[in-house]
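**Q** Return atomic coordinates for the entry below.
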Amino acid sequence: MRALAVCLGFFLVMLDSTIVTVALPSIGGGTATLQWVVDAYTVVFAALVLAGGSFADRFGARRSYHGGMTIFALGSVMCACTTGGAWLIAGRVVQGVGAAVLMPSSLALIRSTYPEPARQARVIGLWGGLAGVAAAAGPLLGGALLAVAGWPALFLLNVPFAVLVLCIGRGLVDPPRHAGARVDVRGVVTSTCGLALLVAGCIAAHPPLIAAGALVLGLFVLLQYRASKALAEAPATGGRRRPAPMLRPDLLRHRALRATVVTGFALNFAFYGQFFLVTLYLQEHRHLSPLLTGVALAVQAAGAVVGSPFGGWSSHRYDPRATMLVGLLTGAAGFAALGACAAGPLPAVLAALFVVGFGIDTAMTAATSLTLQAAPDGHAGVASGLLNTMRQVGSALGVAVLGAVGAFPTAMLIATGTYLAAALLVALRAGPTRPAADPAGTPVTAGGRAGR
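**A** You can find the predicted model right below:
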């Protein structure tokens, strides 16, 4: 039941990133309004997920997980009780805040609740598998609900599941936290504003917004470097609380962590870009109804169901790096097949979709496992937040870039190249997990525990 509690929240987060797409014509209100019904959730989610990881490390992952789930449920009720327009967009913003808080907390709780490697790998497989099912099957479930009820039902669906998570999640084990460190308010503000400007600029194709976002993120990195340097040179003395950088730059000195965050970006860039295009392709070129399109995309969800537990098993049995390579190369083959059979028989397209689903969840489960192994104690939340920040930014950029390409085979070729480039990076840079020193100089072992 604890595994279900920690995985179900992430399932709802990913479900709401895709389920609303089939309901847009029913919601109405103009193209700009409908665009922000989708984008408000994505932008807020991407902008705040790193801050959510920091909050989990500072105040406790279980408290953050339950708080995020509560905020997410309130946002869902707010969406369901509106008639559309600005209030619906506001509800989606609230949902995004809740999602950003609970998502990194869920990974931190998996690490602390299931410290034994084999069981942890199985739970990570379940976590990733449910997320893959949610992302790919959202249109199918949304189409089915629209056939029997109005679009508010898509949001009300979240409420009973949120209540279930809050009821059965009491047994989750909190990881170590830094309760005495002060909150990095400047880091939260600069990272949130920078990512919001960057993602919104990419979605709107507005270069000044993109430039502003890059500048603010540069300021964020500078502030984090200075705070980390102060932490290393002046540890806490006399009861005075020391600086608490939200993102430790030394995390990125670990080449395995660098490879996983870049891989997370590549995985979502190609997947969500193709997801957007395949949805249009199936309806506009194959002339499938929204419900049948959802059925076709469920094949991709089936690939995720198989790929995620395989990724968890393989990461434990062999090595996360090797498993990431298998997933990335498999996904690349699936994208190449999608582009090649675009004008061919539908069963070939469905087979390629299955391969893509298998590849992305195999690779993402392995990347998640490696991130948790490499993260130092007390920083699992911010490490997973960094991974998921890159994933969400990749999602937004993937839709913007691949959607702008237009030609389906060309877009699939770009997706293929993205996965192959990530595979090369993993092969060259994601070496075995190595000890890293925290800012105070304490060595950290491969599993993230301080050396003794």
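**Q** and stretch 33-42, average pLDDT?
**A** Across stretch 33-42, pLDDT averages out at 77.
**Q** and if you look at stretch 297-304?
**A** Averaged across stretch 297-304, pLDDT comes to 83.
**Q** Contacts for that stretch next, please.
**A** Here stretch 297-304 makes contact (C-beta atoms under 8 Å, 6 or more residues apart in numbering) with 128-129, 131-133, 135-137, 139-140, 275, 278-279, 282, 350, 353-361. In short, each C-beta sits where N, CA and C put it, glycine included.
**Q** Is Gly385 in contact with Ala46, as I believe?
**A** No - counting by C-beta atoms under 8 Å, Gly385 stays clear of Ala46, with 11.0 Å between them.
**Q** what about the two, which has more around it?
**A** Taking neighbours as other C-beta atoms under 10 Å, Gly385 and Ala46 compare with Gly385 leading, 31 against 28.
**Q** next helix or strand past the top helix by length along the chain?
**A** Counting residues, the longest helix found in the chain (DSSP state H) is helix 117-148. Downstream of helix 117-148, the first helix or strand assigned by DSSP states H and E is helix 152-156.
**Q** Which of the residues in that following helix are classified as buried?
**A** Neighbour counts using 16 or more other C-beta atoms under 10 Å place 152, 154-156 of helix 152-156 among the buried residues.
**Q** okay if I get those residues as TSV plus pLDDT and distance to Leu372?
**A** Output for the buried residues of helix 152-156, formatted as TSV (pLDDT from 0 to 100; distance: C-beta to C-beta, whole Å):
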residue	pLDDT	distance to Leu372
Pro152	90	37
Leu154	89	32
Phe155	91	31
Leu156	91	33
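**Q** Over to the closest residue to Ala227 other than its chain neighbours. Which of the three states is it?
**A** Using C-beta to C-beta, 6 or more residues apart in numbering and skipping residues adjacent in sequence, the residue nearest Ala227 is Pro245, 3.8 Å away. Recorded secondary structure, Pro245: coil (DSSP: H, G, I helix; E, B strand; the rest coil).
**Q** distance of Pro245 from Ala337?
**A** As judged by C-beta to C-beta, to the nearest Å, Pro245 and Ala337 stand 44 Å apart.
**Q** about what we covered before: the buried residues of helix 152-156 into TSV, with extra columns for distance to Lys229?
**A** Output for the buried residues of helix 152-156, formatted as TSV (distance: C-beta to C-beta, whole Å):
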residue	distance to Lys229
Pro152	51
Leu154	48
Phe155	45
Leu156	49
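**Q** between the residues you listed, which is nearest Leu107?
**A** Nearest to Leu107 among the buried residues of helix 152-156 is Phe155, at 25.1 Å by C-beta to C-beta.
**Q** Read off the pLDDT value for Ala181.
**A** Ala181 is given a pLDDT of 53.
**Q** So that it lines up with my notes, have the first residue be 647 from now on.
**A** With the count now opening at 647, the last piece we talked about shows up as Ala827.
**Q** three-state assignment of Gly990?
**A** coil.
**Q** Then Leu934?
**A** Classified using three-state DSSP, Leu934 is coil.
**Q** Was I right to think it contacts Tyr927?
**A** No - between Leu934 and Tyr927 there is no contact under C-beta under 8 Å: 9.5 Å.
**Q** show me where the protein has strands.
**A** 1082-1083, 1089-1090 (DSSP state E).
**Q** Enumerate every residue touching His712.
**A** Going by C-beta under 8 Å, 6+ apart, His712 touches 812, 815.
**Q** if you set the cut-off to 6 Å instead, what comes out?
**A** Residues near His712 by C-beta atoms under 6 Å, 6 or more residues apart in numbering: Leu812.
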